[in-house]
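Student: What follows is a predicted protein model with its sequence.
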Amino acid sequence: MSSPWSKVSNEPVQTINLADIMSEQYAHRLHDQELKQQQKRQQQNQTLPTAKPINAETYSNIASTSSKASQKLPPSDAGQWEDYSMLLNDEGKEQAEPLPASLLSLLEDEAESDAVIAQMLQSQFDHEYNEELRRIERQQNKQSKVTVTLNKFLRSGDAEFLHDTEAGADEEDDELAYLKQDWDCFETNEKILDAIPKCGFKLDKEGEMITKHDPQLCGVRNAQRVMSFPPEFPTGDGACFDMKLSNKVFNQLKAYSRRGRADRKEKVATAEMGVDAATRLLLYKLINNQILEQINGIISTGKEAVILHANSDASYTGTNEHGHGNGVLMPAELLPKECAIKVFKTTLNEFKQRDRYIKDDYRFKDRFSKQNHRVVINMWAEKEMHNLMRMQSIGLNVPDVVVLKKHVLVMRFIGDNHNAAPKLKDARLSDAELSCAYEEIVAAMHKLYNEAKLVHADLSEYNILWYEGKCWFIDVAQSVEPEHPSGLEFLMRDCDNIISFFERRGLPNIYTKEQLFEFITALNAETHNAAMLERIHTRGASINQATVPNQTECPDELKPLEYPFELAWEKSLLERQMRQEEAERNQEARETVDEAIDQSETKLSNDTDNANNTA
Ligand code: ADP
Ligand code: MG
């Protein structure tokens, strides 16, 4: 093949037909002719003019590094490259300076050399690019506590053609190992971390102790942990993972990654406020069912409940458009204008509070853990409703219950024009009023215990409202029957709270807490502690039996009873069931009587008709 750089022959071009041109034999013939011509020229010019030293030094430098090219190119006497550039420039002298055979083969390789040069230039570029990246990396890591690596972005052609073959081979190996190591880094790190035994340290190959607090290891561990941040936190992938994070940085990142949880937190917060989505739905239903017109805002947020203020719907007629009463427990005309909505909190923390009434009762714990969260909360709301109704039935001042929906209890609002009645502790009472309040509370406690068979169990100046010159008792969800294992203890505590309050207010001539206790229960609190009283109370034991000094001497049948979960609760459920059954029976009886009357009336009118017809 002739060199593409050789001169075009001046011989006239012969006309040849296409079939000839396409013929292979013709091509061979041409080739042979050309070769002969070259040989002829060779004989005429035995030698080439003396080669000049290379003038393009950079070019030769680059070329000298090319392994392929350097092997093939014959070195000149001076060990330098021969300059053939003249061949390119010297057009007119072509005939006078024919190419030697060695040069011909060299020129044949020339096309390949172009590719090599291009590769070398690319390699040079990659090298400079990578150097720049490494410089940035060094600078970055110098100032920062977070070590980063930009290896991922290195260009692959770095120095591939710029070094000696031997060094190049080493480099290649290194590069391979490097890449491999980078990709394995995540797992390698994990292995290192896992290798630390439970005791928290291990010895390395040099016998040095590595603890789990080793800063290097901590950095790696922190970086690993970052990978398990929530999906919305961009951590990148595990490839080329070679990052170390100090504890401080990690903690900040962690805090940042949790920012997205604000929303969730807010939801939890609303749940704590007692108005989570489920509650809102219930409230919405109350409005939709024309029981309430609007909910105005929060009256109080306690540990266990949120109290909201609402206006009832003036258009409520007792039934909604579907003809249902919606569970409203009073006739439409008695529906209070202003209502208080008690929303029992549904978060777990609140159970801890309520738990105090039952925490010593291991039976409760059992049942409690098995109970569905919400069901238990609903039970508390229902219990408050029952207790309020029971207290109202014996004439105590308590808010009337309007309606109960799951954990939402709607009752009369004690107060007017959106102003809640003050708690007894906040009420400004004259001496006479204070005395009245005392008398009223003592009488109410007595009645509660003896007629309603209840102990408030959280009675204090906080749970009594002062309204229209009277005491109103609220917050009775935790109230228990006196038979409750701690019933008498609770009662004693109630007595203590009440007496302490009036003592602080300086009301003269009042009971001591023991006297009040005795007045209510007719049991002597000074000589009998609560446990003993409990035995008397619940087992009907004689004072002598119940007050034996040594517990072991106490007969088994007088030892504290094993109560089923919430005795009072179950009892009230039973009572309710019985009442319902009785109501159903009465209803049936009424219907039978009505039917009988109807039948006799029909018969009577038929008889009369018949008689008339006959007449
Ligand atoms: P908690 O369990 O949070 O103590 P309460 O039933 O005691 O719940 O109610 C908390 C506060 O809400 C009361 O101290 C009182 O100020 C107000 N409150 C509760 N019920 C009513 C009501 N029916 N009318 C007016 N205010 C009420
Ligand atoms: Mg309260």
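Tutor: On my side now, so go ahead. Ligands and ions are numbered 1, 2, ... in the order given.
Student: Kindly list the main-chain dihedrals of the residue of the chain found nearest ligand 2?
Tutor: Distances between the chain and ligand 2 by C-beta to the ion are smallest at D475, namely 3.7 Å. Quick note: C-beta positions are derived from backbone N, CA and C, even for glycine. Main-chain torsions, D475, degrees, to the nearest 10: phi 60, psi 70.
Student: What of the one 3 residues further on?
Tutor: Taking degrees, to the nearest 10, you get phi -90, psi 0 for the backbone angles of Q478.
Student: Would you mind measuring from it to ligand 1?
Tutor: 9 Å (C-beta to the nearest ligand atom, to the nearest Å).
Student: Return the mean pLDDT over the longest helix seen in the chain, rounded to an integer.
Tutor: Longest helix of the chain, by residue count under DSSP state H: helix 567-614. Mean pLDDT, helix 567-614: 79.
Student: burial measure for N311, as a count.
Tutor: Residues lying near N311 (other C-beta atoms under 10 Å) number 16.
Student: Surely it is within a strand?
Tutor: Yes - when DSSP: H, G, I helix; E, B strand; the rest coil is applied, N311 is found to be in a strand.
Student: In space, what's closest to it - neighbours in sequence excluded?
Tutor: E293 (4.6 Å; C-beta to C-beta, 6 or more residues apart in numbering).
Student: Can you say which helix or strand has that neighbour in it?
Tutor: Using DSSP states H and E, E293 maps to strand 292-301.
Student: Show me what counts as buried in that strand.
Tutor: Across strand 292-301, burial judged by 16 or more other C-beta atoms under 10 Å covers 292-293, 295, 299.
Student: What helices and strands are in contact with it?
Tutor: helix 277-288, strand 305-312, strand 338-344 (3 or more C-beta pairs under 8 Å, 6 or more residues apart in numbering; DSSP states H and E).
Student: near ligand 2, anything from the last one?
Tutor: Which is strand 338-344. No - using C-beta under 5 Å from the ion, strand 338-344 stays clear of ligand 2, coming no nearer than 9.8 Å.
Student: Check which helices and strands that strand is in contact with.
Tutor: strand 292-301, strand 305-312, helix 373-393, strand 408-412.
Student: Turn the ones you listed into TSV, including distance to ligand 2.
Tutor: Listed next are the helices and strands packed on strand 338-344 as TSV, based on distance: least, C-beta to the ion, whole Å:
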stretch	distance to ligand 2
strand 292-301	8
strand 305-312	8
helix 373-393	11
strand 408-412	13
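Student: Now do stretch 387-394: everything it contacts.
Tutor: Stretch 387-394 is contacted by residues 329, 398-401, 411, 447-448, 451-452, 454, 473, 476-477, 479 when judged by C-beta atoms under 8 Å, 6 or more residues apart in numbering.
Student: Quick check: ChimeraX command selecting the buried ones in these.
Tutor: Applying 16+ other C-beta under 10 Å to the contacts of stretch 387-394, the buried members can be selected in ChimeraX as follows:
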select :398,399,400,401,411,447,448,452,454,473,476,477,479
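Student: Tell me which of the contacts of stretch 387-394 fall in strands.
Tutor: Secondary structure from DSSP state E places 401, 411, 473 of the contacts of stretch 387-394 in strands.
Student: which one of the residues you listed is nearest E338?
Tutor: M411 (10.5 Å; C-beta to C-beta).
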